[in-house]
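**Student:** My questions are about this predicted structure, shown below with the sequence.
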Amino acid sequence: MTNRMTSIPGPESIIRQKFPNGMTVLVYEDFSSPSVSIFGQLRVGAIGNPSDKAGLASFTAGCLMRGTSRRTFQQIYEELESIGASVKVGSGRNTTGFGAKFLTEDLLCVLDIMADVLQTPTFPVNEVEKERGEILTDLQERSHDTERMAALTFHELLYGLDHPYGRSVIGYPEAVKDINRDELESFYRTRFGPQGMIVAIVGALKAEDALKAWEDAFGGWTGAKEDRAPLALSPRLTEISEARVNIPDKTQADLILGFVGPSRQEPEYLDAVLCNTILGVFGMMGRLGEVVRDKHGLAYYCYSHIEGGLGPGPWAVSAGVDPANVEKAVKSIIGEIACICNKTVPPRELNDSKAFIIGLLPLQLETNSGIARTIVSMELYDLGLDYLQQYADLINDITSKRIQAVAQKYLDPSTYALAVAGPATG
Amino acid sequence: MSDKFVKRQLDNGLSVLLKETHHAPVATFWAWYRAGSRNEWDGSTGVAHWIEHMLGMRFKLEGKPTSDLIARLGGVSNAATSFDYTSYFATLPADHIDIALQIESARMQGYRFRSKLVDTERTVIISERQWLENESQNLLFEALQSVAFQVHPYRRDAIGYLCDLRAITADDLRHFHRTFYVPNNALLVAVGDFQAKTLLGRIDELFGSLKSGPEPPKIHAVEPPQRGERRMTIEGKGATAYVQLVVHVPEARHPDFLALVALDSILAGAGSFTMLGGGGSNASSRLYRALVDTELAIDVSGSLIPAIDPFIYLLASTVRAGHTPAEVEAALDAELTRIVNEPVNEEELAKALKQAKAQFVYGSESVTNQGYWYGWSEIFADYAWFETYLDRLAAVTVDDVQRVANAYLGRNNRTVGYYIPGGD
């Protein structure tokens, strides 16, 4: 072993530049492999959908790759695939992500296509219809997918259909059928632009070359003005809210049980991440894996996850169980949640999970795309360029009392949402 | 062979392959066993995978779960069972790699398979099977495999049949384990930020004294040539139809394999060199244009898996709402007929090579991916198969592509499956 200390990306190695049109570009040089990853986010997502147009942002983002003022759908993909490159665009709840992966020698070609896709989409009628058909078939598949139906129902229960987090990101069949081409184009014109755009370029290229190439491709983009309505406050549950979705002819049921969690900007967010690690991540899925899976053999998977993000995303437990074992699994999960709320975590267990989270950092930063995603998160959530260098100290400062406090604040075992999708029993 | 790359065989028959790379302070350590579902016998299907569960998540070193030991050092660990192998790995900060060696050494030394634990794991494995069955495409492929293969054990999926999962005993596990988990049937692979010479010495200390066992039984099954198209249908609830088509193709070592890689790339897009798949897009491929651009399907993919024995090449598609599996199959058949009858052009071949080169570079960013490919290629051929991949692909000609298309894509060699939804 070399015990060599590889520098963690920080203020001295991440080059950051803000441009007059509102975009922030961050570059990290890494010459270990002759490739480049780009990852970025635009400040537009499903939270901008009108309540009767669920799926509009996602549909719009899906159309960006389907034709531009200079390239048809087939030309875009022929050019990209001929050089082994990929470009992707997709809309989530809060933002629209875009990314690219390519060999360094193809930088200018890929940026030209990305600029075309993000700045001059033309929404060709035939391509819009192809995209619609693919979305509708996907929604048809979702309606018979236990995991996806549990997730959809869980969000509806937890936030309610009046809140943007309660509605499906990719929409519902009726809404998607109803969205017309002009609405897509209008949504693009009024919402997509460089204001608030964050992009990270990571790989085998010099920072000055990357910044110049990005400015040449995107510096002239004006696009929509930043116009983000504040996210509506999410109602907190005051009682247990349950729903069962009957999907016949399946052999396994999926369940999601959870709560409204903290947004990424909340000061106790890392406390919640550590608490979540203890509950349902560490080793083979933390305490939940040990009890629900290993001890009782009730599930193939049972883990907890915390979404964070710009708004208060969910903090939840997911499990895939035999339909006959749903009630037992729920009881075990609730028991573990109550335990982490009521009893302080022993020091040994706390320290193990701290070491896991801290030690995982080099693995997350092993690939160009991993570094790019991490740097964009640091910028998006205003964590500071030295965040990764402070990370170990921030985690090590967390105490058992803080873990218990964050559990008690967010994980009330008497007021949760529970969605189960699978075959009816009994 | 350079100092940065070491391949050795210890006296007990254990193979070792080490590759230094110093771009990040991480390392991956793998143990591979030539023990997959192909090595199982009737009545004990799923036993290789069951052992992976017992020796993976349930395995303890000095009383502590090994996944916890790795996790508390900031590492990740997992295991997998395929038709050709079972593998265990950990990727972690490089200065902690020794714990991964200790775990694999202990794992190779024996296990008691207590009946109570075996029974608890039974319900977990049955849950895993139910999870797989929930996906219509999995149901279809399992059935398709069993029709395409009539003799070779590749006809069975690694998860095992439900009736066997209910009946397998701790003795069955012990028997399979004693037969196949011996150093002379195993391979260790490490890639990362270490000194190969030092690591080899430590491996010798921890593994060199383990006793070799009798040579595990060889699989002599040979699938006879297919003498006509086979067809099958699965019916179930839901609203979406799927089409899958497989043809028999040769093993990874066969001279035609790289021409088939080029063929797959032209038909359905380049394969990935990352462990979890998910390569680039395939919208400019022939089948995407014929099936998805024409709005008959919402996706199409190809899967050409390198294997020890001749396996199958899969083309799979999700039928778009309002269309039928027969329409999708007709469009698929037209493209297969075209590539048999008309030579591909040089540009298509050049594109396939460039895509492969790019995927290869992307895959090399992560030590885990490299460990996976070095190990897997040693299972189905040898590490040189992986290292010379791009050179051999570059030597494929348009004539080679047409020749293999002609040799393997014919109707007589096909098995076609439809998943027909029955509605609610």
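**Tutor:** Yep, that arrived. This is a predicted model, so every value here is computed, not measured.

**Student:** surely A:R16 meets A:Y28?
**Tutor:** No - the criterion here is C-beta atoms under 8 Å, and A:R16 misses it with A:Y28 at 10.0 Å. Yep, even glycine has a C-beta here, placed from its N, CA and C like the rest.

**Student:** Please say which of those two ends up with more neighbours.
**Tutor:** Using other C-beta atoms under 10 Å in any protein chain shown, the more surrounded residue of A:R16 and A:Y28 is A:Y28, with 22 against 17.

**Student:** Mind telling me what element the residue in the stretch 251-400 of chain B positioned nearest to chain A is part of?
**Tutor:** Closest residue of the stretch 251-400 of chain B to chain A, C-beta to the nearest C-beta: B:A358 (2.6 Å). Using DSSP states H and E, the element containing B:A358 is helix B:346-363.

**Student:** what's in contact with that helix?
**Tutor:** With C-beta atoms under 8 Å, 6 or more residues apart in numbering or on different chains as the contact definition, helix B:346-363 has outside contacts at A:33-35, A:81-85, A:101-103, B:261-262, B:265-266, B:269-274, B:279-280, B:284, B:369-370, B:373, B:389-390, B:393-394, B:396-398, B:401.

**Student:** Among these, which lie within helices?
**Tutor:** A:81-82, B:261-262, B:265-266, B:369-370, B:373, B:389-390, B:393-394, B:398, B:401 (DSSP state H).

**Student:** now the stretch 51-200 of chain A, which segments are flagged as low pLDDT?
**Tutor:** Counting by pLDDT under 70, the stretch 51-200 of chain A contains no low-confidence residues.

**Student:** How about the residues of it by chain B?
**Tutor:** The stretch 51-200 of chain A comes close to chain B at residues A:73-74, A:77-78, A:80-86, A:88, A:101-103, A:129-130, A:133-134, A:136-138, A:140-141, A:143-147, as judged by C-beta under 8 Å from any C-beta of the partner chain.

**Student:** ok, the residue nearest the centre of chain B - contacts?
**Tutor:** Centroid-nearest residue in chain B, with C-alpha atoms, centre = their mean: B:S82, separated by 5.6 Å. Residues near B:S82 by C-beta under 8 Å, 6+ apart: B:G36, B:S37, B:A158.

**Student:** With A:P20 instead?
**Tutor:** By C-beta under 8 Å, 6+ apart, A:P20 lies in contact with A:G219.

**Student:** what about it, is that helix, strand or coil?
**Tutor:** Assigned by DSSP: H, G, I helix; E, B strand; the rest coil, the conformation of A:P20 is coil.

**Student:** Now do the strands in chain A.
**Tutor:** Ranges of strands in chain A, per DSSP state E, are A:14-18, A:24-29, A:35-42, A:86-91, A:96-103, A:198-203, A:241-246, A:253-260, A:299-306, A:314-321, A:417-422.

**Student:** So B:L10 sits against B:G208, correct?
**Tutor:** Yes - counting by C-beta under 8 Å, B:L10 does reach B:G208; the two are 5.3 Å apart.

**Student:** With neighbour numbers in mind, choose between these two.
**Tutor:** B:L10 (19 against 14).

**Student:** what's stretch A:139-150 in contact with?
**Tutor:** So stretch A:139-150 is contacted by A:152, A:170-173, A:176, A:245, A:247, A:250, A:252-256, A:318, A:320, A:419-422, B:134, B:136, B:237-240, B:318, B:321 (C-beta under 8 Å, 6+ apart).

**Student:** ok, now stretch A:198-209?
**Tutor:** For stretch A:198-209, contacts defined as C-beta under 8 Å, 6+ apart pick out A:15, A:23-41, A:104, A:107, A:210, A:214, A:368-369, A:371-373, A:375-376, A:379-380.

**Student:** Just the buried residues of those.
**Tutor:** A:15, A:23-30, A:32-33, A:35-41, A:107, A:210, A:214, A:368-369, A:371-373, A:375-376, A:379-380 (16 or more other C-beta atoms under 10 Å in any protein chain shown).

**Student:** Run through the residues that contact residue 189.
**Tutor:** I went with chain A, as the question did not name one. Per C-beta under 8 Å, 6+ apart, neighbours of A:R189: A:A224.

**Student:** try again with chain B
**Tutor:** With C-beta under 8 Å, 6+ apart, B:V189 has these contacts: B:V16, B:L17, B:L18, B:T28, B:F29, B:W30, B:W32, B:G371, B:Y374, B:G375, B:E378.

**Student:** how about a cut-off of 6 Å?
**Tutor:** When contacts are counted by C-beta atoms under 6 Å, 6 or more residues apart in numbering or on different chains, B:V189 touches B:L17, B:W30, B:G371, B:Y374, B:G375.

**Student:** Return the set of residues that bridge with the nearest residue to A:M285 once chain neighbours are set aside.
**Tutor:** Leaving aside its sequence neighbours, A:M285 sits nearest to A:Y303 (C-beta to C-beta, 6 or more residues apart in numbering or on different chains; 4.3 Å). For A:Y303, the beta-bridge partners under DSSP bridges are A:S318.

**Student:** A:Y303 contacts A:T277, correct?
**Tutor:** No - with contacts counted by C-beta atoms under 6 Å, A:Y303 stays clear of A:T277, the gap being 10.5 Å.

**Student:** and the two? which has more neighbours close in?
**Tutor:** Between A:Y303 and A:T277, counting by other C-beta under 10 Å, A:T277 is the more crowded of the two (24 against 20).

**Student:** list the contacts for the closest residue to that one other than its chain neighbours?
**Tutor:** Distances taken as C-beta to C-beta, 6+ apart put A:S353 closest to A:T277, at 4.6 Å, once the chain neighbours are dropped. A:S353 makes contacts with A:L274, A:T277, A:I278, A:F282, as judged by C-beta under 6 Å, 6+ apart.

**Student:** list the contacts for the third one?
**Tutor:** For A:I278, the contacting residues are A:G286, A:V345, A:S353, taking C-beta under 6 Å, 6+ apart as the criterion.

**Student:** so, if you compare the residues you listed, which one comes nearest to A:S186?
**Tutor:** When the contacts of A:I278 are ranked by distance to A:S186 (C-beta to C-beta), A:G286 comes first, at 45.9 Å.

**Student:** and A:N180, how many neighbours?
**Tutor:** 12.

**Student:** Could you do A:L385 as well?
**Tutor:** So A:L385, with other C-beta under 10 Å, has 18 neighbours.

**Student:** Quick check: the gap between the closest residue in space to it that isn't next to it in sequence and chain B.
**Tutor:** Among residues not flanking A:L385 along the chain, A:P11 sits closest, at 4.3 Å (C-beta to C-beta, 6+ apart). Note on A:P11: its distance to chain B, by C-beta to the nearest C-beta, to the nearest Å, is 20 Å.
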